[in-house]
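Undergrad: show me the folded form of this:
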Amino acid sequence: MSTEQRPAGQIDLQELVAEADTGARAPAGAVGRLLLCIAVAWSLFQLWYASPLPFVFNVFILNDTQARSIHLAFGLFLAFMAYPAFRRSPRDRVPATDWVMALAGAFCGAYLFLAYAQLATRPGQPTSFDIATGLVGLLLLLEATRRSLGLPMVIVAGTFIAYTFLGPYVPEVIQHKGASLQRFVSHQWLTTEGVFGVALGVSTSFVFLFVLFGSMLDRAGAGNWMMQLSLALLGHLRGGPAKVAVVGSALNGIISGSSVSNVVSSGIFTIPLMRKTGLPPVKAGAVEAASSINGQIMPPVMGAAAFLMVEYVGIPYAQIIKHAALPAIISYLALFYIVHIEALKVGAEPLQRLTVRGPGDRLLRLGLGWSGTILVVVILYYGIQAVKAVFGEAAGPVLAVLGGGLYLGCLWLAAGHAELERDEGEGFGAKLPDAWPVARTGLYYVIPLVVLLWCLMVEQLSPGLSAFWATVTIMGILVTQRPLLAVMRGGGGLPEAFRASAHDLVGGLEAGARNMIGIAVAVGTAGIVVGTVTLTGLGLMMTDFVEFISAGNVIIMLLLTALVCLVLGMGIPTTANYILVATLMAPVIVELGAQAGLAIPLIAVHMFVFYFGIMADVTPPVGLASFAASAISGADPIRTGLQASFYSLRTAVLPFLFIFNPQILLVDVGNWLEAILVIASNITAMLLFSAATMNFWLVRSRIWETALLLVATLLLLSPEVLWNRLYAPTAELPASAIFQVAEELPANGRLVIRVEGLSLEGDEVSKTVSLRIGDAGAARERIQGTGLMLTQLGDEVQVMDARFGTQASRLKLEPGFVITGVIVPAERPSPHWLYLPVLGLVALIGLGQRRRRDRAAAAQPARA
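TA: Numbers count the residues shown, from 1 in each chain. The predicted model follows:
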């Protein structure tokens, strides 16, 4: 949409993305070049820190604290340089006050690195200069947060700072003794309990590399290629552009960490096309907004929250991806079906192709679809494993050579077709591109994704090292693709190709750093909240507070938690949002659920708060993704946000299933047959839920049909709701059976126990907890792997210790607690048998709707 065509008052898209993600200031001349150099230097520093090179050359080896300090120093400096103080502040130059704050912020951020040796000699005894530096650093961090993220995050952090000092004066249920200014600043800035805590550590070690990887991919053209390939494959379907938005956002979500940039990068194509096929502006914007926030729940990156979950939940990254994959896929399939229903309702016509389709087109679609993808994955997996088996330790160089050959082959295919153009005007999509010409221009973009997933999932390297190798791969593509394509197309324009490649590389390094400014500042500010929780003991008090409000009712507690997550998530990036809700609300669900007799897996709790935190990106009145979508569609942002929230109901339902039916996270799934049943039933249920909420399946549904579809949805998603009333789900064994049960559990099984005792605060505790047991082995070793040390005296089993940082400590098991029972599954018929009558009911509803549809179709010619 051109500037002239944009409705009055509509937000400029590039300005919106800049304000949300990269900073709206772009000074010219020497200052602009300095800003570029600092951003590139930050990216190069992060690549150095993540690589094995410091240990190879034994140069500039940094510990975690030093690296976090440098990371925040870069972030604060660039925040004041790139983000204007106010809307009226100059965008083409940097005022003197911003220079002062940028330099002061860089010094304060780097203080732990610069004064590391001196601080180590006087732990807990800060000097006046230490306190002054920390205090100035905190104030500058809050100002940088206001500039880059807006007031919501500052208000949240300010509330917790006020709570630190006003502890004696708040209501008794959350009262504490308060803290002095010196203790507060020292805790927040001079230790790793506050700003420089786990959250900033994850940002330094993992998040930056993944954001840089995504920026490099986009700079290389992968985002445009994915979008146009989605259009070529799906544009011919009814409601095709809306389906392109769904699939394109899912692909973009694999590498993106921002809902807003996801909306803009794909919405600029899809929203005008959706309107062209008959979808109203509000619904077109809502589809794009709902699609884009779902990108944050799509593995492997999940808006960078996946790496934080590794730290907070204490399980390997591969396990996080396994648990997160099915809900994300279900959510996208349901949204895909919703847009299909919307297309049927408005009678949307598919976009027409102007070229004649060949007989091999169907085969191509099959190859580029699910079956082809699975086949390619299988070939790659076993091919790489075969190379490793044959060449042993020399497999690395061999695979690199083979990968280079595959890259050259893909480039040769691309050279036979013109480069894809980014047509962002109204004419985009007037002629649907053919799938093969589009696919062949960018097949090599898949190579760095394969490198990333292979390192993460198969080799199980650290996320940081995996992202490093994937980023090096895409950097190699950025540097070589233009010159090699020029050679393969005849050799003309090589100097221009080399210059363009260098420009792309530098631009990618700069974009990665500028995209990280807001995230680095956000996680630093989130560290203030975390530091307040550890300093005041608020985490324990939150449990009492929520229990008091919910009166111990689990459903009310979950609804209240969901509301808190939505409020905390308003206007806050995914990463910082997850840190807040995981710190404040996840322990509350674990503890209150345990007291109510629910042994909730820790991953289910964290996925619950994560999903509801993300929902804030579309929920009015803040909903940044909805505002971005409405800026393209020209519709009212509040109406767009409400419609997007309605489309996202399926995403809001899933978190409750995580708590009451963890099998949707592939927890407690015993074998492949059960896994297939779980996957099929949950996908079917969510599609039925979408049809019920849209009040349309094959035809418009009657009230009783909608009600029965909702009942069928519930029983397919959680058959235990009815089955548990017919058969007891569990049996309780005496505590002395714990070692036998632990030894017989399968790998990664759950050990569920009841415990009682006096807490360290002197409170009577009685709760049920679930411990994830690792690989098979001796019972005591498996239990100790959870951090739990037990002693047995006769029939009594007592907790000796719960090691810090382990599952046991996260579940608040304390020395002296007595295990009163072991909960095991009861012998009963599988609840999956309930699927048969439920599916029979669904079939009857479908048969009735099909007859009404056929009668309506037969009546149309008669009327004519």
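
Undergrad: pull the residues that contact stretch 463-478.
TA: Stretch 463-478 is contacted by residues 47, 50-52, 205-206, 209-210, 212-213, 216-217, 219-220, 306-307, 310, 317, 403, 407, 444-445, 447-449, 451-452, 455-456, 459, 461, 501, 504-505, 508 when judged by C-beta atoms under 8 Å, 6 or more residues apart in numbering. (Each C-beta comes from the backbone N, C-alpha and C, glycine too.)

Undergrad: which residues in the chain form strands?
TA: 730-733, 750-758, 764-772, 788-793, 796-802, 818-825 (DSSP state E).

Undergrad: now do the fourth one: distance to the chain's middle.
TA: To tie it back to what came earlier, the one meant is strand 788-793. Distance of strand 788-793 from its chain centroid, counting by C-alpha atoms, centre = their mean, to the nearest Å, is 38 Å.

Undergrad: do the same with the third one
TA: Chain-centre distance of strand 764-772: 29 Å, with C-alpha atoms, centre = their mean.

Undergrad: buried ones in that strand?
TA: 765, 767-772 (16 or more other C-beta atoms under 10 Å).

Undergrad: CA atoms only: put it into PDB for me.
TA: C-alpha atoms of strand 764-772 as PDB (Å, rounded to 0.1, in the frame of the first residue of the first chain):
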ATOM      1  CA  GLU A 764       2.600 -27.400  57.800                       C
ATOM      2  CA  VAL A 765       3.000 -28.800  54.300                       C
ATOM      3  CA  SER A 766       1.100 -31.600  52.600                       C
ATOM      4  CA  LYS A 767       1.300 -31.900  48.800                       C
ATOM      5  CA  THR A 768       1.800 -34.100  45.800                       C
ATOM      6  CA  VAL A 769       4.700 -33.600  43.500                       C
ATOM      7  CA  SER A 770       5.900 -35.100  40.200                       C
ATOM      8  CA  LEU A 771       9.600 -35.800  39.600                       C
ATOM      9  CA  ARG A 772      10.900 -36.700  36.100                       C
END
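
Undergrad: contacting residues around the residue most central in space within the chain?
TA: In the chain, the residue lying closest to the centroid (C-alpha atoms, centre = their mean) is residue 302, at 2.0 Å. Counting by C-beta under 8 Å, 6+ apart, residue 302 touches 296, 309, 324, 574, 610.

Undergrad: output the below-cut-off pLDDT ranges for this structure.
TA: Scanning the chain for pLDDT under 70 picks out 1-23, 253-258, 303-304, 349-373, 421-431, 571, 622, 860-864.

Undergrad: could you pick out the longest helix of it?
TA: In the chain, ranked by residue count with DSSP state H as the criterion, the top helix is helix 494-536.

Undergrad: hmm, back to that, nearest to residue 185 among the contacts of residue 302?
TA: Within the contacts of residue 302, the smallest distance to residue 185 is 28.7 Å, found for residue 574 (C-beta to C-beta).

Undergrad: number of nearby residues for that closest one?
TA: Using other C-beta atoms under 10 Å, residue 574 has 29 neighbouring residues.

Undergrad: what about it, distance to residue 617?
TA: As for residue 574, its distance to residue 617 is 8 Å (criterion: C-beta to C-beta, to the nearest Å).

Undergrad: who touches both of the two?
TA: Common neighbours of residue 574 and residue 617 (C-beta under 8 Å, 6+ apart) are 259, 296.

Undergrad: quick one, what contacts residue 739?
TA: Applying C-beta under 8 Å, 6+ apart, the residues contacting residue 739 are 779-780, 783, 792.

Undergrad: how close does it get to residue 670?
TA: 22 Å.

Undergrad: and for residue 537?
TA: 40 Å.

Undergrad: the more surrounded of the two?
TA: residue 537 (15 against 11).

Undergrad: if you skip the residues just before and after it, what's nearest to the more buried one?
TA: Spatial nearest neighbour of residue 537, excluding adjacent residues (C-beta to C-beta, 6 or more residues apart in numbering): residue 176 at 6.1 Å.

Undergrad: just residue 749 next, same as before
TA: residue 773 (5.1 Å).

Undergrad: now for the one you found, how many residues are close by?
TA: Residue 773, neighbours per other C-beta under 10 Å, totals 22.

Undergrad: how about it, what does it touch?
TA: Taking C-beta under 8 Å, 6+ apart as the test, what residue 773 contacts is 742, 745, 747-751, 782-783, 785-786.

Undergrad: in helices only, show me those residues.
TA: Per DSSP H, those map to helices at 742, 782-783.

Undergrad: residues contacting residue 784?
TA: By C-beta under 8 Å, 6+ apart, residue 784 has no neighbours at all.

Undergrad: residue 539 and residue 48: what is the separation?
TA: With C-beta to C-beta as the criterion, residue 539 and residue 48 are 36 Å apart.

Undergrad: of the two, who's got more company?
TA: The neighbour comparison of residue 539 against residue 48 (other C-beta under 10 Å) goes to residue 539, with 19 against 14.

Undergrad: ignoring the adjacent residues along the chain, who's closest to the more buried one?
TA: That would be residue 533: by C-beta to C-beta, 6+ apart, it lies 4.9 Å from residue 539.
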